[in-house]
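Trainee: Sharing a sequence plus its predicted fold:
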Amino acid sequence: MVLALKDQWIWDSWYAHDGERWHGYFLKADKAIGDPDLRHMNVSQGHAVSDDLINWQHLGTCLAPSAGPAWDDKTTWTGSVVEGSDGLWHLFYTGGSTAEGALYQRIGHATSTNMHNWQRAGDGLCLDLIGPNARFYEAEHAVGHWHDRAMRDPWVMRDPEGDGWLMYFTARAPGIAEPNAGGAIGFATSPDLFNWTLQPPVFVGDYGQLEVPQVFSLNGRWYCLFCTSAQHWSKARKAKAGVPPVTGNHYLIADNPRGPWAVAPGFFDGGLPCRRYAGRILKTENGLVILGFDDNGRDSFVGHIRDPEPVTVDGQGFLHIENQETGAVAYG
């Protein structure tokens with residue numbers, strides 16, 4: 001019942017609801033390449049639809065790297081999909097170029113009327129670490145300090161305090177001696193989904209990278225779900241967490257989507273080896289659920305999307321996965 005492809009690995013995913021059914025988008029790569037670690041540089045985006053988040057109809061590839069040379073001619077990585085006020089659908093995604101070895105990541109933008117056939121807006125590039133607020137980011141590749149120039153995994157949503165839009169993304173802050181203390185949640189704003197202004201990060205610290213952010217509200221509180229690896233916990237986070245480092249999904253909490261954000265106690269959904277990575281929490285008719293890809297570690301990589309599992313919120317506003325193992329239950 002999982003979202004799986006016989007001949008391709010699936011990993012990071014994101015979801016949108018069109019009013020009638022769910023659309024699942026995901027990164028995929030051919031198993032013919034042999035080593036799942038090579039999947040990141042042999043990637044395209046897939047699309048599937050479902051009425052219940054359990055049974056999926058795969059519709060094929062919906063976005064792939066540009067014909068080069070281009071800023072996204074090597075990789076088209078993780079993103080998010082939103083519907084504009086005029087009914088046009090917008091995909092925001094991560095791009096990397098062959099010329100830079102995909103070490104410099106940037107944010108791209110494409111649109112669609114049917115949620116499958118995506119057309120890049122111009123050349124697709126909509127946001128880079130440039131301009132006056134770039135000084136708040138590790139805007140150049142800090143070779144020997146970190147493995148890439150991080151700017152990826154855009155999460156876009158309506159601004160609850162205005163008519164515009166907010167974007168969150170995985171980034172890093174400059175001038176921090178401990179590499180694992182430099183992770184950041186980047187931030188940008190837009191009046192119309194086409195023109196974006198880079199803003200200072202809304203969160204810095206505790207981890208070397210906070211991947212695949214997803215921001216949402218529950219009961220008046222804001223959450224920023226993210227994923228990270230055990231090897232990327234900072235010394236301070238290890239001392240404060242009260243649990244040993246694991247790989248998986250955790251979250252930040254705030255009273256406002258612009259922050260300030262704080263790391264929630266403990267760790268939400270992790271293990272060694274990791275059971276589920278790049279988690280997404282969805283609001284369904286039957287409550288909250290979490291989906292993510294089945295990782296199981298480098299030596300036993302699985303590469304499909306696990307079935308949804310229920311998530312609850314306790315009286316203090318903390319998230320809990322109701323059952324760490326559950327049968328297939330429909331979530332419309």
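Mentor: Looks like it came in fine. Source: prediction; values computed, not measured. Residues are numbered from 1 along each chain as shown.
Trainee: Let me see the contact set for the closest residue in space to residue 320 that isn't next to it in sequence.
Mentor: Leaving aside its chain neighbours, residue 320 sits nearest to residue 312 (5.1 Å; criterion: CB to CB, 6 or more residues apart in numbering). C-beta coordinates here come from the backbone N, C-alpha and C atoms, glycine included. By CB atoms under 8 Å, 6 or more residues apart in numbering, the contact set of residue 312 is 287, 288, 319, 320, 322.
Trainee: so which of the residues you listed would you say is closest to residue 180?
Mentor: residue 319 (23.7 Å; CB to CB).
Trainee: Report the separation between that closest one and residue 153.
Mentor: Computed as CB to CB, to the nearest Å, the residue 319 to residue 153 distance reads 20 Å.
Trainee: and the host helix or strand of residue 94, what other elements does it pack with?
Mentor: In this assignment (DSSP states H and E), residue 94 forms part of strand 89-96. Under the contact criterion of 3 or more CB pairs under 8 Å, 6 or more residues apart in numbering; DSSP states H and E, strand 89-96 touches strand 75-83, strand 106-112, strand 119-127, strand 152-158.
Trainee: could you dump these to JSON lines with mean neighbour count?
Mentor: As requested, the helices and strands packed on strand 89-96 are exported to JSON lines (neighbours: other CB atoms under 10 Å):
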{"stretch": "strand 75-83", "mean neighbour count": "23"}
{"stretch": "strand 106-112", "mean neighbour count": "22"}
{"stretch": "strand 119-127", "mean neighbour count": "17"}
{"stretch": "strand 152-158", "mean neighbour count": "23"}
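Trainee: export the ones you listed to a markdown table and tack on mean pLDDT and distance to residue 269?
Mentor: Formatted as a markdown table, the helices and strands packed on strand 89-96 follow (pLDDT from 0 to 100; distance: least, CB to CB, whole Å):
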| stretch | mean pLDDT | distance to residue 269 |
| --- | --- | --- |
| strand 75-83 | 98 | 18 |
| strand 106-112 | 98 | 26 |
| strand 119-127 | 98 | 29 |
| strand 152-158 | 98 | 17 |
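Trainee: where in the stretch 1-150 of the chain is pLDDT low?
Mentor: 1 (pLDDT under 70).
Trainee: In it, what residue spans correspond to strands?
Mentor: For the stretch 1-150 of the chain, the strands defined by DSSP state E, counting those that start in this stretch cover 8-17, 22-30, 44-50, 57-63, 75-83, 89-96, 106-112, 119-127.
Trainee: got the ones you listed as CSV, with distance to residue 278 columns?
Mentor: Output for the strands of the stretch 1-150 of the chain, formatted as CSV (distance: least, CB to CB, whole Å):
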stretch, distance to residue 278
strand 8-17, 4
strand 22-30, 9
strand 44-50, 14
strand 57-63, 17
strand 75-83, 7
strand 89-96, 13
strand 106-112, 17
strand 119-127, 21
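Trainee: Out of these, which is closest to residue 257?
Mentor: strand 75-83 (14.6 Å).
Trainee: Show me what that closest one is packed up against.
Mentor: Contacts defined by 3+ CB pairs under 8 Å, 6+ apart place strand 75-83 against strand 8-17, strand 22-30, strand 44-50, strand 89-96, strand 152-158.
Trainee: So which bits of the longest one are buried?
Mentor: Think strand 8-17. Neighbour-count burial for strand 8-17 flags 8, 9, 10, 11, 12, 13, 14, 15, 16 (criterion: 16 or more other CB atoms under 10 Å).
Trainee: Looking at those, which two lie furthest apart in space?
Mentor: Taking CB to CB as the measure, these span a maximum distance of 22.3 Å, between 9 and 16.
Trainee: Can you tell me how far residue 96 is from residue 136?
Mentor: 22 Å.
Trainee: Give me the contact list for stretch 30-44.
Mentor: 7-9, 11, 27-29, 61, 63-65, 74-77, 102, 298, 301, 303.
Trainee: Output that stretch as CSV, restricted to C-alpha atoms.
Mentor: Only the C-alpha atoms of stretch 30-44 are listed here, as CSV (Å, rounded to 0.1, in the frame of the first residue of the first chain):
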residue,chain,number,x,y,z
ASP,A,30,16.4,4.8,-11.5
LYS,A,31,17.6,1.8,-9.5
ALA,A,32,19.7,0.9,-12.6
ILE,A,33,22.3,3.4,-11.3
GLY,A,34,23.1,0.7,-8.7
ASP,A,35,24.1,2.7,-5.7
PRO,A,36,21.3,4.6,-3.9
ASP,A,37,23.8,7.3,-2.8
LEU,A,38,24.0,8.3,-6.5
ARG,A,39,20.3,9.1,-6.6
HIS,A,40,20.7,12.8,-5.7
MET,A,41,22.6,13.5,-9.0
ASN,A,42,20.3,11.4,-11.1
VAL,A,43,17.0,12.9,-10.1
SER,A,44,13.7,13.9,-11.5
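Trainee: Within the helices and strands, which one has the residue lying closest to residue 238 once chain neighbours are set aside?
Mentor: Of all residues not flanking residue 238 in the chain, residue 245 sits nearest, at 6.1 Å (CB to CB, 6+ apart). Assigned by DSSP H and E, residue 245 falls within no helix or strand.
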